[in-house]
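Q: sequence? don't have it. structure:
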């Protein structure tokens, strides 16, 4: 094989990246391989470069994977070498050179992974999803502007890009501009140096059929940028163009923002992207596994993550990625033990305990069996005798309250029962706790015995959740 021309290598590189993404999985690719760049292909050697601190490790760790994928794209005799990135030569700033404002938009392209199909709908985001889809189907004719708000990591940017991707695919050539308020500000400031740049900046945004702006709270306290954005907003709105904005708070909470902008933001539909509930969190994790082609043998891992990480999607997926990365780097089994160890570091239990804190499941089982006059093995048996079944309900409830074990793990311990069965036991006990004072005292006594030698649990941990 002769020297591959730079233009040919540039054409082949996207295909090779996709082959690496498919073979390694999305998580591993984004974490380790996305930083690779092609330098040249000389003879049978494809030379890749990576950040200096990563290059030796990447070359050793992924040698076989890199060569397998490269051969699938470039030929059977190809070999791959990974070297540190060369320091870029310092560019000479030419006088009277006016930077183009148009390339800056390319820094914020639409993310093809952010589609409506990939968005998991739950009780907290149902309205926001429905509004975003309606806007994508009929830009400028339904909710204008659409203002999506919520804390970081809830999925606002996902919906924003989903609208853009939908319009780009089915909008009949409609012009979509997607950027952040910070980028808008930087581009506006850069355009102030020359009249031509200022006019190009205005055309860039005011010619859009759909304008998508992320994190508009960044505009606060920037008087000149607010003024320009106000006029851009009016120009688009009055001509029937669609505006979609995201923010980390409600419009009237942006007290540092010009009142005229706050009024316009609130004039359309304001929709919250709320926190995902437990079922939605599980569905999000399953979707991520499917995207990254990851197989899990134990669903208890997902339930453990979903129980520990409750506020935002980004942290939820980040926890899963970290667990998978630990497994990939350590070679350990991808099981509950590994998941607990990782989560204890980044998302410890709410009470500050760790996975090894007493009382253990065995101790709970034995103490409850003794209290109800049954044999411990019966609590893990298939027996449906009323006395045994009720003791089992109580044991599962206490295990849920006094340990950080997932419901799947607890159910498995008590005779291979699943998450739903364990949850049913907790609900049965919770209902009785709410209505019977004597039973409440009985449970409190069991808790005291089981908690002997450990810090007293906060009251809400001993409640009926």
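A: Alright, I've got the coordinates. Since the structure is predicted, the reported quantities are computational estimates derived from the model, not experimental observations.

Q: ok, now which ones touch the residue nearest to residue 158 when sequence neighbours are not counted?
A: Using C-beta to C-beta, 6 or more residues apart in numbering and skipping residues adjacent in sequence, the residue nearest residue 158 is residue 114, 4.6 Å away. For every residue, glycine as well, the C-beta is placed using N, CA and C. Residues near residue 114 by C-beta atoms under 8 Å, 6 or more residues apart in numbering: 157-162, 165.

Q: can you name the two of those residues that are farthest apart?
A: Farthest pair in the contacts of residue 114 (C-beta to C-beta) is 157 and 165. Separation: 12.2 Å.

Q: Could you look up the SS state of the residue lying closest to residue 270 once chain neighbours are set aside?
A: With sequence-adjacent residues excluded and distances taken as C-beta to C-beta, 6+ apart, residue 270 is closest to residue 147, at 4.7 Å. Secondary structure, DSSP: H, G, I helix; E, B strand; the rest coil: residue 147 is strand.

Q: separation between residue 147 and residue 26?
A: Distance of residue 147 to residue 26, computed by C-beta to C-beta, to the nearest Å: 31 Å.

Q: so where's this structure uncertain?
A: Low-confidence segments of the chain, defined by pLDDT under 70: 1-8, 27, 31, 86-108, 350-359, 452-465.

Q: domains for it, by residue range?
A: Following automatic domain parsing, the chain resolves into domains at 6-84, 103-272, 278-346, 361-462.

Q: mind checking how far the residue nearest in space to the middle of the chain is from residue 150?
A: In the chain, the residue lying closest to the centroid (C-alpha atoms, centre = their mean) is residue 314, at 2.8 Å. Note on residue 314: its distance to residue 150, by C-beta to C-beta, is 12 Å.

Q: SS state for the nearest residue in space to the residue nearest to the centre of the chain that is not next to it in sequence?
A: Among residues not flanking residue 314 along the chain, residue 153 sits closest, at 3.5 Å (C-beta to C-beta, 6+ apart). Assigned by three-state DSSP, the conformation of residue 153 is coil.

Q: check contacts around residue 153.
A: Residue 153 makes contacts with 311-315, as judged by C-beta under 8 Å, 6+ apart.

Q: Residue 234 now?
A: Residues near residue 234 by C-beta under 8 Å, 6+ apart: residue 264.

Q: Would you mark the buried spots in the strand or helix carrying it?
A: Assigned by DSSP states H and E, residue 234 belongs to helix 223-238. Residues 225-226, 228-229, 232-233, 235-237 are the ones in helix 223-238 that count as buried (16 or more other C-beta atoms under 10 Å).

Q: Need the contact partners of stretch 160-173.
A: Where contact means C-beta under 8 Å, 6+ apart, the residues beyond stretch 160-173 that reach it are 110-112, 114-116, 118-119, 132-133, 135-137, 139, 148, 174, 176, 178, 209-210, 212, 214, 244, 246.

Q: Now which of those would you call buried?
A: The neighbour-count test (16+ other C-beta under 10 Å) applied to the contacts of stretch 160-173 identifies 110, 114, 116, 118-119, 132-133, 135-136, 139, 148, 176, 178, 209-210, 212, 214, 244, 246 as buried.

Q: quick one: which of those sit in strands?
A: Per DSSP state E, strands hold the following members of the buried ones among the contacts of stretch 160-173: 148, 176, 178, 210, 212, 214, 244, 246.

Q: Among the residues you listed, which one lies nearest to residue 376?
A: Closest approach between these and residue 376, by C-beta to C-beta: residue 148, at 52.7 Å.

Q: Verify the stated contact: the closest one with residue 247.
A: Yes. Using C-beta atoms under 8 Å, residue 148 is in contact with residue 247, at 7.5 Å.

Q: okay, and the common contacts of those two?
A: Residues touching both residue 148 and residue 247 by C-beta under 8 Å, 6+ apart: residue 156.
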